[in-house]
Structures are given as structure tokens and as C-alpha cells.
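In: Here is a sequence with its predicted model. Questions after.
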Amino acid sequence: PIKVGQIWVGANDGPVHVTQDGGASWSDVTPPKVPKRGRVDAVEPSPHDAEKAYVAILRYQLGDEKPYIYRTDNSGKSWTLLTTGSNGIPADYPVRVIREDPYTEGLLYAGTEYGLFISTDDGANWQPFQQNLPVTPVTDIKLVKEDLVLSTMGRGFYVLDDLTSL
């Protein structure tokens, strides 16, 4: 959203690619340590830094319930795993979606199979953020103005009004 011609894509069998020239050429920037054949459910280019992006990779259908959120700070040349299983999102909570707040850099929202988590330190630590949301898969997250909008599996959608306190 901040660099003309930059497009990030993820595939349902694991690869992540980026183009810097509107699609004329593509680079495979798949995180090297992620297990193969995971479904890239979300690619989130940072709205604050053209070099930064996040990916959420889902592998529960392959018998792997671990959460996989990666961040790159250099357009995919290297990646950092943001979900260790001991930094807030439990080791058996698959992640479906990751979004960065458009107003606050490093404020992240992660939708898992069992609800919503937030990080206020760019993924170093996570905390549950249910706010009366039932335990349900969060399938997508959008930030509209200052509201958080969640879609959930089989339960519709939820809106948390006015995130300015975060």
C-alpha cells in the first residue's frame, strides 16, 4: 500500500512471492524454515514500511497445529518467526490471519483457530484479546477507520468500535 508496483502473494501450498515492478518479475521469498506445503492464509504488507511484511501460514490440515506468523523487515530476504509457542499464542493454536494496525506501527492482530490475539511490540509478545468474542476461528481481520472488524467461521462477523485506546 505504500510502494507503487509492490505486490505480495502467498499460495495455498506454501510459497510466498513479491514483485517490486508491478508483476514484470517475481522473487520467491518463502521463509526458509517454514515446513513445506503450508497454506499461506494471509500476506500483510506493512502500511508503515515498504520493506516490512507479515505472513500467516496454516498447516493444521497436515496434522501440524503450530502457529506460524513470520515477519520480514527487508522485502523477504530474511524472516523472523513471531510465534514461538511460548510468547503468548499457544503452541497448538493455528493462525489464519495477521494484520498490522494502519495507525500504529507494530500493533498486530492475529486471528487463530480459537480467537483473537494482539501484540503491541511487533510480534515479540502476544496476548489474548477476546472482548466477548466466542471461542471460534477468526478467518479475517479488517481495520476500518478506527474499528476492528472480524469474520469468524460459522458465526458471522464482529465489530469492536473505536480502537484508539490501543
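Out: Alright, I've got the coordinates. Numbers count the residues shown, from 1 in each chain.

In: Could you tell me which strands the host helix or strand of A56 is paired with, and in which direction each runs?
Out: Assigned by DSSP states H and E, A56 belongs to strand 53-58. Sheet pairing of strand 53-58 (DSSP bridges) gives strand 39-45 (antiparallel), strand 68-72 (antiparallel).

In: so for that strand, what's the average pLDDT?
Out: What strand 53-58 shows for mean pLDDT is 97.

In: Determine how far that strand lies from the middle of the whole chain.
Out: Its chain's average C-alpha position is 5 Å from that of strand 53-58, according to C-alpha atoms, centre = their mean, to the nearest Å.

In: and if you look at stretch 114-127?
Out: How far stretch 114-127 lies from its chain's middle: 10 Å, per C-alpha atoms, centre = their mean.

In: Quick check: the residue sitting nearest the centre point of the chain vs V138, distance?
Out: Taking C-alpha atoms, centre = their mean as the criterion, I98 is the residue nearest the geometric centre of the chain, at 1.9 Å. Distance from I98 to V138, counting by C-beta to C-beta, to the nearest Å: 11 Å. Any C-beta I mention is one placed from the backbone N, CA and C, and that applies to glycine too.

In: same thing with V95?
Out: As judged by C-beta to C-beta, V95 and V138 stand 9 Å apart.

In: Overlap in contacts, the two.
Out: By C-beta atoms under 8 Å, 6 or more residues apart in numbering, V95 and V138 have these common neighbours: 111-112.

In: sorry, back to before: quickly list what's touching both of I98 and V138.
Out: Common neighbours of I98 and V138 are listed as G111 (criterion: C-beta under 8 Å, 6+ apart).

In: Go ahead and confirm W79 touches A53.
Out: No. Look at W79 against A53 with C-beta atoms under 8 Å: they stay out of range, at 9.4 Å.

In: Among these two, which residue is more densely surrounded?
Out: A53 (26 against 21; other C-beta atoms under 10 Å).

In: so what's the closest residue to the more buried one other than its chain neighbours up against?
Out: Closest residue to A53 apart from its sequence neighbours, by C-beta to C-beta, 6 or more residues apart in numbering: P45 at 4.8 Å. With contact set as C-beta under 8 Å, 6+ apart, P45 has these partners: 1-2, 6, 8, 52-53.
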